[in-house]
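Trainee: 3D, please:
(one chain, ligands or ions: 1)
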Amino acid sequence: MSMQRPHIVLIHGAWQGSWAFAAWQPMLEAAGWQVHAVDLPGNDRSPERRADATLAGYTAHVCALLAALDAPAVVLGHSGGGLTASQVAETLPDRVRALVYLAGMMLPTGVSFGDVIAQCRAADADFHYAGIVPHLAWDADGTTSRVPPAAAREIFLHDCPPEAAQTAAARLCPQPDTGRDMRNTLSPARFGRVPRVYVECLQDRSVTLPLQRRMQALTPGAHRISLDCGHVPQLACPQALTDALLPLRAMPSRRPAETMTMSMTTPGPTTLPAQGLPPTPEQIRRHLRRAQQVAERAVTLGHHPFGAILVGPDQETVLLEQCNIDTVNHAESTLARVAATNFPPDYLWGCTLYTTVEPCCMCAGTAYWANIGRVVFGMTEHALLQYTGSHAENPTMSVPSRYVFDHCQKAVELIGPVPEMEAEIAAAQRRFWAGR
Ligand SMILES: [Zn+2]
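Mentor: Down below sits the predicted model:
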């Protein structure tokens, strides 16, 4: 890998320009980045290019920059800038080393941010959301909106230093709605192979935490970093944000598997390097499907329909497969014990355990003690309970594995449930337990 300073491209959200990153930029440069903050067309700096204030226009603008750089770049999308970041990765996947969503809109094909809000409302009667929309001031024909400074300070900038908040709120520009109400078109073969990081902001009043979590569930596979701040971490806690992104400097440009393991030994303040590159959505689906085949084999061998596999740090090599055996030798706990017997703990921290159904607390605990760095499951334990009930052979517990891992001293990454795989896994459980 060259010693050249890595590139990071910063894409601002609605009502903003490159100035949204101006105060943060020197800190990134001090951390070794070459920083490129863009001004999307039709926004702040170039209102006359209004016709280009679309997803296509924004994407073309950023792709032209990426094509001109001498190496692939990390691409960061703040807030609504996430939509453009995704589409850029779809267009030029080989020019994007990694995507970072900063309280960003990380959306699957055809799904709008409004759709995500509607999904949260449908799923939870107690979900309340207003965000910035009720405060917006619209021009006469209703195609361009502005954010009143007081609303910006309250919704976007509430935890930023007062002077910086004042300046940023006053600096917000008119936003054509064609550059805000956008939908991505993405494919597993292009967007799907770019590693992603989601920086979630716990105190965000605009893209609130339930919405950020919903988006992470809808497009699984992003490595999660949590910051205790509002919607604008680059003003509220710029040093913490800079530190959180440090491991990405060492992320290799896309190369075959052997260079990916380099990231395992790179020191950094978060667990990202040790756990290696995150799996892509395509890899997650493929490995869960293989775990489901192992679960089906368990049934033919006279056991319950649960299966687990262990995948190496390259996100491709399947190291172990394990069927369920019995009530104290579940697929995942057995696999974790075999793994701990056969591989060193440092190596296992870069590995991923895939299991069809969310691990029970015994299995989550065993994976933790085996030092397996990442766990991916297809369907929740709560959903399994519907099928097994209090069946004597499998009186399912009700302890989310998130609870177990949140009470551990090492940050095991947990991914799941995976909505695209849930129906397939649930069907197998329903078939088995109905006839039991
Ligand atoms: Zn278990």
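
Trainee: Can you report how many residues lie near the residue of the stretch 1-150 of the chain found nearest the ion?
Mentor: Here the residue of the stretch 1-150 of the chain nearest the ion is Ala123; by CB to the ion that distance is 26.3 Å. Yep, even glycine has a C-beta here, placed from its N, CA and C like the rest. For Ala123, the tally of surrounding residues (other CB atoms under 10 Å) stands at 10.

Trainee: How many neighbouring residues does Pro26 have?
Mentor: Counted with other CB under 10 Å, residues neighbouring Pro26 total 11.

Trainee: Average pLDDT for the helix or strand hosting it, rounded please.
Mentor: Taking DSSP states H and E as the definition, one finds Pro26 inside helix 25-30. With pLDDT averaged residue by residue, helix 25-30 scores 96.

Trainee: repeat for stretch 309-320
Mentor: 91.

Trainee: Mind listing what's buried along that stretch?
Mentor: Neighbour-count burial for stretch 309-320 flags Ile309, Leu310, Val311, Gly312, Pro313, Asp314, Gln315, Leu319, Leu320 (criterion: 16 or more other CB atoms under 10 Å).

Trainee: any idea how far the residue nearest to the fifth one when sequence neighbours are not counted is from Met182?
Mentor: The reference is to Pro313. Here the nearest residue to Pro313 in space, its sequence neighbours aside, is Gly350; by CB to CB, 6 or more residues apart in numbering that works out to 3.4 Å. Spatial separation of Gly350 from Met182 under the definition CB to CB, to the nearest Å is 36 Å.

Trainee: Comparing those two, which shows the higher neighbour count?
Mentor: Per other CB under 10 Å, whichever of Gly350 and Met182 has more neighbours is Gly350, with 26 against 21.

Trainee: In the stretch 201-350 of the chain, which residue sits closest to the ion?
Mentor: The minimum distance from the stretch 201-350 of the chain to the ion, using CB to the ion, falls at His330 (3.3 Å).

Trainee: show me where the stretch 301-436 of the chain has strands.
Mentor: Here the stretch 301-436 of the chain has its strands, by DSSP state E, counting those that start in this stretch, at 307-311, 318-323, 352-357, 374-379, 413-415.

Trainee: List, one by one, the residues from the protein near the ion.
Mentor: By CB under 5 Å from the ion, the residues of the chain that approach the ion are His330, Cys360, Met362, Cys363.

Trainee: May I ask which of the residues you listed has the most neighbours?
Mentor: Cys363 leads the residues of the chain next to the ion on contacts (other CB under 10 Å) with 26 neighbours.

Trainee: what sits against that residue?
Mentor: Shown in contact with Cys363 (CB atoms under 8 Å, 6 or more residues apart in numbering): His330, Ala331, Glu332, Ser333, Ala336, Thr355, Ser401.

Trainee: switch to 6 Å and redo it
Mentor: Contacts here follow CB atoms under 6 Å, 6 or more residues apart in numbering; on that basis Cys363 touches His330, Glu332, Ser333.

Trainee: Over to Ala73?
Mentor: Applying CB under 6 Å, 6+ apart to Ala73 gives the contacts His7, Val9.

Trainee: So, low pLDDT: which residues of the stretch 201-350 of the chain?
Mentor: In the predicted model of the stretch 201-350 of the chain, residues 251-277 satisfy pLDDT under 70.

Trainee: if you set the cut-off to 50 instead, what comes out?
Mentor: Within the stretch 201-350 of the chain, the set of residues satisfying pLDDT under 50 comprises 255-273.

Trainee: the helices in it, which residues?
Mentor: Chain-ordered helices for the stretch 201-350 of the chain, with DSSP state H, counting those that start in this stretch as the definition, fall at 209-218, 233-236, 238-245, 257-260, 272-275, 281-300, 331-342, 345-348.

Trainee: got it, and the stretch 51-200 of the chain?
Mentor: For the stretch 51-200 of the chain, the helices defined by DSSP H, counting those that start in this stretch occupy 55-68, 81-91, 113-123, 149-155, 162-171.

Trainee: Comparing the ones you listed, which yields the minimum mean pLDDT?
Mentor: Averaging pLDDT over each of these singles out helix 113-123 as the lowest, with a mean of 90.

Trainee: hmm, who's touching that helix?
Mentor: Met105, Phe127, Tyr129, Pro210, Leu211, Arg214, Met215.

Trainee: make it 7 Å
Mentor: If you take CB atoms under 7 Å, 6 or more residues apart in numbering as the criterion, helix 113-123 is touched by Met105, Leu107, Phe127, Tyr129, Pro210, Leu211, Arg214, Met215.

Trainee: again, but for stretch 381-398
Mentor: Identification of contacts with stretch 381-398 by CB under 7 Å, 6+ apart yields His304, Val357, Glu358, Cys360, Cys361, Pro400, Ala426, Gln429, Arg430, Trp433, Arg436.

Trainee: gap between the two ends of that stretch?
Mentor: Between the opening and closing residues of stretch 381-398 lies a distance of 7 Å (CA to CA, to the nearest Å).

Trainee: oh, and call the first residue 27 from now on, that's how I've got it
Mentor: Taking 27 as the first residue, the last one we looked at is stretch 407-424.

Trainee: so what's Arg239 closest to, chain neighbours aside?
Mentor: Once chain neighbours are set aside, the closest to Arg239 by CB to CB, 6+ apart is Glu226, at 7.3 Å.

Trainee: Around that neighbour, count how many other residues there are.
Mentor: Using other CB under 10 Å, Glu226 has 23 other residues around it.

Trainee: mind checking how far it is from the ion?
Mentor: Glu226 sits at a distance of 28 Å from the ion (criterion: CB to the ion, to the nearest Å).

Trainee: Show me what that residue is bridged to.
Mentor: With DSSP bridges as the criterion, Glu226 is bridged to Ser252.

Trainee: any idea how far Ser105 is from it?
Mentor: With CB to CB as the criterion, Glu226 and Ser105 are 12 Å apart.

Trainee: Now do the shared contacts for the two.
Mentor: Applying CB under 7 Å, 6+ apart, one finds that Glu226 and Ser105 are jointly contacted by Ala129.

Trainee: excluding its backbone neighbours, what's nearest Arg206?
Mentor: Looking at Arg206 with CB to CB, 6+ apart, the closest residue is Ala40, at 4.9 Å.

Trainee: so who does that neighbour touch?
Mentor: By CB under 7 Å, 6+ apart, Ala40 lies in contact with Ser105, Gly106, Gln201, Gly205, Arg206.
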